[in-house]
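**Q** Fold the following.
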Amino acid sequence: MTSRHPAFFEGTEMPTTGWWETLWPEPARVLEAVDLKRDTDAVDLCCGDGWFTWEMAKVARRVLAIDLDRNMLAVARDRFTKAGTTNCELVEGDAYELPTLAGRLVDFVFMANAFHGVPDQPRLAQAVHKTLKSGGRFAVVNWRQRPREETRILGEPRGPKTELRMSPGQTMESVEAGGLTFAELVELPPYHYAVIFERSSL
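**A** Numbers count the residues shown, from 1 in each chain. From the prediction side, this is the model:
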């Protein structure tokens, strides 16, 4: 049995096929809700198997998909190859090293279902801050702060442990500590919300 990589964020393993698609049947609608704009440079941070990345690539000019799990990246690569997606780069790496991994400033960073497990959230927010262009945005999609027993998909409790879940206020506090500014709160029923932050104009 392979041991867990020490840099993996807690409670953020990619779920088994089936319930993930049930939870997010229309990823394009989520991206529309968080206002991913056309012809921009975007990052899918902690992208997993690329479920959202694929849809991001249909909107953005260029997408950089970053994850520490090479097996999940392989699944994403296979999905993109079959779909003929050519504007997406997959990178294996630590989310804290985002500025180095990106290699350039971007317009938009998207992070779904992973921020709750980040040990040093202000540090990650600082990394995102350094990677965004002036006016660039960071969208954090989180599970609602509800008991895990109440977030049921296909008849079973799903999502991170109850104690890992964050309120929108907690998310705002953690990200603003990294230098970004709160811009908008978006509801993503039934179990999620998104908080959008902005890098202030220089």
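**Q** Could you list which residues are in contact with residue 105?
**A** 41, 131, 132, 133, 136 (Cβ atoms under 8 Å, 6 or more residues apart in numbering). Placement of C-beta: from N, CA and C, glycine included.
**Q** What segments of the chain are helices?
**A** 19-23, 27-33, 51-59, 70-83, 98-102, 121-131, 168-176 (DSSP state H).
**Q** From residue 186, how far out is residue 138?
**A** 13 Å (Cβ to Cβ, to the nearest Å).
**Q** go on, residue 195?
**A** On the measure of Cβ to Cβ, residue 195 and residue 186 end up 8 Å apart.
**Q** The two: which is more packed in?
**A** Neighbour tally, residue 195 and residue 186, criterion other Cβ atoms under 10 Å: the higher count belongs to residue 195, 25 against 16.
**Q** Show me what the more buried one is bridged to.
**A** Counting by DSSP bridges, residue 195 forms beta bridges with residue 140, residue 185.
**Q** residues in contact with it?
**A** Residue 195 is in contact with 139, 140, 142, 168, 171, 172, 175, 182, 184, 185, 186, counting by Cβ under 8 Å, 6+ apart.
**Q** Ignoring the adjacent residues along the chain, who's closest to the residue nearest the centre of the chain?
**A** By Cα atoms, centre = their mean, the chain has its centre lying nearest to residue 111, at 1.5 Å. Counting by Cβ to Cβ, 6 or more residues apart in numbering, residue 111 lies nearest to residue 45, which is 4.5 Å off, once chain neighbours are set aside.
**Q** For that neighbour, name its beta-bridge partners.
**A** residue 66.
**Q** To what extent is residue 23 buried, counted in neighbours?
**A** Residue 23 - counted by other Cβ under 10 Å - has 18 other residues nearby.
**Q** For it, give me its contacts.
**A** By Cβ under 8 Å, 6+ apart, the contact set of residue 23 is 153, 158, 191.
**Q** Next: residue 136.
**A** Residue 136 touches 105, 106, 107, 108, 109, 198, 199, counting by Cβ under 8 Å, 6+ apart.
**Q** at 10 Å instead, please
**A** By Cβ atoms under 10 Å, 6 or more residues apart in numbering, the contact set of residue 136 is 40-43, 105-109, 128-129, 180, 197-199.
**Q** try residue 132
**A** Counted by Cβ under 10 Å, 6+ apart, residue 132 has contacts 43, 98-99, 102, 105-109, 138, 179-180, 197-200.
**Q** what bits of the protein have low per-residue confidence?
**A** 1-17, 202 (pLDDT under 70).
**Q** Could you verify my assumption that residue 110 touches residue 36?
**A** Yes - Residue 110 lies in contact with residue 36 (Cβ atoms under 10 Å); the separation is 7.0 Å.
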